[in-house]
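# Return a 3D structure for these sequence lines:
(one chain, ligands or ions: 1)
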Amino acid sequence: MSSAPSAAIKIGSVVVLGAGSAGLMAALTLKRRLPHLAVQVVRSSEIGVIGVGEGTTAVFPRHFFEYLKLKPQSFYAEADPTWKLGIRFLWGPRPHFFYTFAFEFEKRQPELTRNNGFYYTDEFPWLGPASAHMAQARAFPRRPGGLPQFHNNHAFHIENRKLVAWLERQCTEAGVRITEATVRPERGPDGIAALIAESGERFTADLYVDASGFRSELLGRALEVPFLSYQDTLFCDRAVIGGWDRTTEPILPYTIAETMDAGWAWQIEHEHFINRGYVYSSAFLSDDDARAELLRKNPCIPADRTRVVGFRAGRYQKLWSGNVVAIGNAAGFVEPLEATALQVICVETSSLADSLADSLCEPTPTLIELYNRYNTAAWDDIRDFLAVHYRFNTRLDTPFWRAARNDVAMHAAAEVVEFYRQNGPSVVAGPALIHPSNSFGMDGYLAMLIGQNVPHAKPWNAPESERNFWNQRCRKLAADAQQGMTVSEALKALRSPNLKWA
Ligand SMILES: Cc1cc2nc3c(=O)[nH]c(=O)nc-3n(C[C@H](O)[C@H](O)[C@H](O)COP(=O)(O)OP(=O)(O)OC[C@H]3O[C@@H](n4cnc5c(N)ncnc54)[C@H](O)[C@@H]3O)c2cc1C
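Numbering: from 1, shown residues only. So this is what the prediction gives:
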């Protein structure tokens, strides 16, 4: 059982160490949800922020615009996002497949006997409006009057420095104090007693949020909470990042995840810049060879605009220990194959704010224990889901991919895969197999298993009448999507004075 901050302490003040996305999202979430809290951020420009993390999931807009009730207008005006409907995987034996946030595989059509996943074909690799829009490179349906029909199954692509700048402004407006200082922790009976700046200034609070990135200054280094590696599942530990200024390329409404020799590469679509990053395993490829492969496959990237970032996949055993709660990279890390880091920060910060609100800022041992259980499970869920991406990708026959197919540890994903192997894309057991808090759900697993054409024991030829209905439906979805708005058109409409925000 976790130890609570001493029972007599009611949390009235919080110091957040770090002003990357995690620190600023934590400070903003706490201050918006609990305005009476004194929230201060301490950050070091000397150390800086990691400066990556540019794709989100649909949890991100819901966190800011529904949970925190921020107005999207300032986000659009200042952070310059584009929309992401999902991921187009260049992965496995099919030419490509789509992963959306719209749970299209598990949906059912009243006219058909089984859920959508059973009807998937190479001819129509879309199952609903979201994937049909992706296939047509359209972002949103077009409303009469030429405005986009927004919905909340979308995510964003955002440049990290613009996101951080927007978050900083939101924090300041909400009343968060941001102070520049490089600090070291001083230990105390509850965990941390103070953060001490080089000038000797002391920062003290009832609760410390460790958002110091990979340094994990408070949870990892000072409190020495053990780190649990995910290395048996996730072999990659480095990324080489580059990109180029957009010229005539259309802005795609999705991230691309492309299989590479010793890992995979993302393509993230900003309005004026295309960002590429090759995530690879240093056990299989040197930095120079990774850079060479990225540049060879993306000749538009200027060689002097690449940089390498190292990381380790895993999480700390506990995320809340004594008077320290770690958020973001200070708590754990998995590679951005499903772009989940900002999502995890949303979940961690909202569950922390809710925990404080519900306990009247006097968190009990049971609450802290459940916070830890819930948030560590969220990290493990991502690892397990990514295992399926590695174990079944047959696209390349390289030493890295042979090792991934043979050796990747599946953990809890093994049971889901076994169910699929025996039963095909059935969703009847989904809720029993996958906890409702798992953000990917059975639908996410089906997208990856069907997308990678993983064999199962129940191949099914739908009756001709059902097949005809399905094909007609797919053609109509494609035709409707073709009438939709591209990202460029939707951006233009967004900036039009005719747009009425709800
Ligand atoms: C290659 C790569 C690609 C990624 N892509 C994605 C993606 O597509 N989508 C996604 O959601 N996430 C992605 N991420 C993850 C994402 O970048 C991070 O999770 C996110 O930016 C949060 O970072 P952070 O705030 O935890 O850490 P950082 O940005 O590293 O911030 C740490 C902060 O702590 C401060 N600090 C540290 N030590 C001290 C000290 N002693 N004194 C004072 N201040 C201190 C620093 O100054 C800084 O302000 C990616 C990560 C990597 C490595």
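
# so where's the chain shaky on pLDDT?
1-8, 501-502 (pLDDT under 70).

# go again using 90 as the cut-off
Residue ranges of the chain with pLDDT under 90: 1-9, 51-53, 144-147, 150-152, 305, 429-432, 435-437, 459-461, 495-502.

# Can you give me the domain boundaries for it?
13-54+159-230+314-382, 238-310 (automatic domain parsing).

# Let's have the ones you listed in CSV, adding distance to Pro431 and mean neighbour count.
Where C-beta positions appear, they are placed from N, C-alpha and C, glycine not excepted. As requested, the domains of the chain are exported to CSV (distance: least, CB to CB, whole Å; neighbours: other CB atoms under 10 Å):
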stretch, distance to Pro431, mean neighbour count
domain 13-54+159-230+314-382, 15, 20
domain 238-310, 28, 18
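
# Of all those, which one is nearest the ligand?
domain 13-54+159-230+314-382 (2.3 Å; CB to the nearest ligand atom).

# so the residue nearest to Pro302 when sequence neighbours are not counted is in which element?
Computed as CB to CB, 6 or more residues apart in numbering, the closest residue to Pro302 that is not its neighbour in sequence is Trp244, at 6.9 Å. According to DSSP states H and E, Trp244 maps onto strand 238-245.

# And what about Leu195, helix, strand or coil?
Secondary structure assignment for Leu195 (DSSP: H, G, I helix; E, B strand; the rest coil): strand.

# can you map out the helices along this protein?
21-33, 59-61, 72-79, 129-135, 160-174, 287-297, 341-358, 365-391, 399-407, 413-423, 430-433, 441-451, 464-482, 487-494 (DSSP state H).

# got CSV for the ones you listed, with distance to the ligand too?
Output for the helices of the chain, formatted as CSV (distance: least, CB to the nearest ligand atom, whole Å):
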stretch, distance to the ligand
helix 21-33, 3
helix 59-61, 8
helix 72-79, 14
helix 129-135, 17
helix 160-174, 6
helix 287-297, 12
helix 341-358, 3
helix 365-391, 11
helix 399-407, 17
helix 413-423, 21
helix 430-433, 25
helix 441-451, 16
helix 464-482, 25
helix 487-494, 17
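
# For the residue nearest to Pro302, give the beta-bridge partners.
Assessed by DSSP bridges, Trp244 has beta-bridge partners Ile274.

# so who does it touch?
273-274, 298, 300-302, 305 (CB atoms under 8 Å, 6 or more residues apart in numbering).

# 10 Å - rerun?
By CB atoms under 10 Å, 6 or more residues apart in numbering, the contact list for Trp244 reads 273-276, 298-302, 305.

# and the gap between it and Thr82?
Relative to Thr82, Trp244 is positioned 16 Å away (CB to CB, to the nearest Å).

# now do Asn406
On the measure of CB to CB, Asn406 and Thr82 end up 38 Å apart.

# Can you tell me how far the residue positioned nearest the centre of the chain is from His270?
In the chain, the centroid-proximal residue (CA atoms, centre = their mean) is Thr340; its distance is 1.7 Å. Taking CB to CB as the measure, Thr340 and His270 are separated by 20 Å.

# Repeat that for Gly145.
For Gly145, the distance to His270 - CB to CB - is 27 Å.

# So for Ser212, which of the helices of the chain sits nearest?
Nearest to Ser212 among the helices of the chain is helix 21-33 (7.9 Å), distances taken as CB to CB.

# Which strands or helices does that closest one pack on?
Using 3 or more CB pairs under 10 Å, 6 or more residues apart in numbering; DSSP states H and E, the elements in contact with helix 21-33 are strand 13-17, strand 38-43, helix 160-174, strand 177-180, strand 207-210, strand 324-326, helix 341-358.

# That helix vs strand 13-17, what angle?
160 degrees (axes from the mean of the first three to the mean of the last three CA atoms, to 10 degrees).

# how far is helix 21-33 from where the chain is centred?
Centre-to-centre, helix 21-33 and its host chain are 17 Å apart (CA atoms, centre = their mean, to the nearest Å).

# just the angle between it and helix 341-358, please?
30 degrees.

# Using PDB, write out every CA atom in helix 21-33.
Once non-C-alpha atoms are left out, helix 21-33 reads as follows in PDB (Å, rounded to 0.1, in the frame of the first residue of the first chain):
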ATOM      1  CA  SER A  21       4.100  19.300 -22.300                       C
ATOM      2  CA  ALA A  22       3.700  17.100 -19.200                       C
ATOM      3  CA  GLY A  23       4.500  19.800 -16.600                       C
ATOM      4  CA  LEU A  24       2.400  22.500 -18.300                       C
ATOM      5  CA  MET A  25      -0.500  20.100 -18.900                       C
ATOM      6  CA  ALA A  26      -0.300  19.000 -15.200                       C
ATOM      7  CA  ALA A  27      -0.200  22.600 -13.900                       C
ATOM      8  CA  LEU A  28      -3.100  23.700 -16.200                       C
ATOM      9  CA  THR A  29      -5.300  20.700 -15.400                       C
ATOM     10  CA  LEU A  30      -4.800  21.200 -11.600                       C
ATOM     11  CA  LYS A  31      -5.400  24.900 -11.700                       C
ATOM     12  CA  ARG A  32      -8.500  24.700 -13.900                       C
ATOM     13  CA  ARG A  33     -10.000  21.900 -11.900                       C
END
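
# begin at 23 from here
Sounds good: first residue 23 from here, last item helix 43-55.

# how many other residues sit next to the spatially closest residue to Phe355 that is not a sequence neighbour?
Nearest in space to Phe355, with sequence neighbours left out and distances taken as CB to CB, 6+ apart, is Phe333 at 5.5 Å. Neighbourhood size, Phe333 [other CB atoms under 10 Å]: 19.

# give the contact list for Phe333.
Residues near Phe333 by CB under 10 Å, 6+ apart: 72, 74, 236, 256, 258-261, 301, 351, 355-358.

# just the residues of the stretch 173-322 of the chain that are near the ligand, which are they?
204-205, 233-235, 237, 239, 261, 299 (CB under 6 Å from any ligand atom).

# thought Leu134 was touching Phe491?
Yes. Using CB atoms under 10 Å, Leu134 is in contact with Phe491, at 6.7 Å.
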